[in-house]
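[1] When you get a sec, could you give me coordinates for this:
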Amino acid sequence: MDNTPLDQNLLDDMFEDLGLDLLPPEEREEVVAHIGEVIFEGVMLRTVQALDDTKKEELTALFDASSSDPENEEKHNAIQAFIETNVPDFDKYLAAEIEALKNAPQDVFVGN
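    Residues are numbered from 1 along each chain as shown. Down below sits the predicted model:
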C-alpha cells in the first residue's frame, strides 16, 4: 500500500475527469482538501464495516492516540501498519471511493 493517500498522478487524473483542472489554483486547493476528506471518510467507513468488534476497538484506540498527538508520525505509522495487516481490501475501498467521486455531480466539489 502506498504511503500517500492520493498521489499526484491520481489527483491529476481525477481533476481532469471532473473538469477541476480548469479551476484557479486557490479553488483547486480547497477542492483537494474536500476531496481528501470525502475519500478518507468513505474509505474509513468501508474499513470499519469490514472489521470485527475487537479490531474496530483497536483501530479506534489508534485513531484516538493519533488525534491526541496529530504531529506524531509514529502514531500515524501505527494506523497504517494496522490497516496493512488487517484490511487486505483497503486499496479496493480506496478505488471504489475514487470511482464514486468521479461519478458524483460536480457541484459536490465546487460551491455555487
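[2] So what's the predicted local confidence for the residue nearest to Asp69 when sequence neighbours are not counted?
    Using C-beta to C-beta, 6 or more residues apart in numbering and skipping residues adjacent in sequence, the residue nearest Asp69 is Lys75, 6.0 Å away. Where you see a C-beta, it was placed from the backbone N, CA and C, and this is true even at glycine. We note a pLDDT of 91 for Lys75 in this prediction.
[3] Now do the same contact list for Lys75.
    Contact criterion C-beta atoms under 8 Å, 6 or more residues apart in numbering gives Leu62, Ala65, Ser66, Asp69 as the residues in contact with Lys75.
[4] What separation do you get for the last one and Val32?
    It refers to Asp69. 25 Å (C-beta to C-beta, to the nearest Å).
[5] phi, psi of Val87?
    Backbone torsions of Val87, given as degrees, to the nearest 10, read phi -130, psi 80.
[6] Of Asp69 and Val32, give the one with the bigger neighbour count.
    Taking neighbours as other C-beta atoms under 10 Å, Asp69 and Val32 compare with Val32 leading, 17 against 11.
[7] Is that one in a helix, a strand, or coil?
    Applying DSSP: H, G, I helix; E, B strand; the rest coil to Val32 yields a three-state assignment of helix.
[8] if I look at it, how far off is Pro25?
    Val32 sits 10 Å away from Pro25, going by C-beta to C-beta.
[9] and the residue nearest in space to the middle of the chain, what element?
    The residue lying closest to the centre of the chain (C-alpha atoms, centre = their mean) is Phe40, at 2.7 Å. Secondary structure assignment for Phe40, by DSSP states H and E: helix 25-50.
[10] And the very next helix or strand once past that helix, what's buried?
    Next along the chain after helix 25-50, taking DSSP H and E as the criterion, comes helix 53-68. Buried residues in helix 53-68, counted by 16 or more other C-beta atoms under 10 Å: Lys55, Leu59, Leu62, Ser66.
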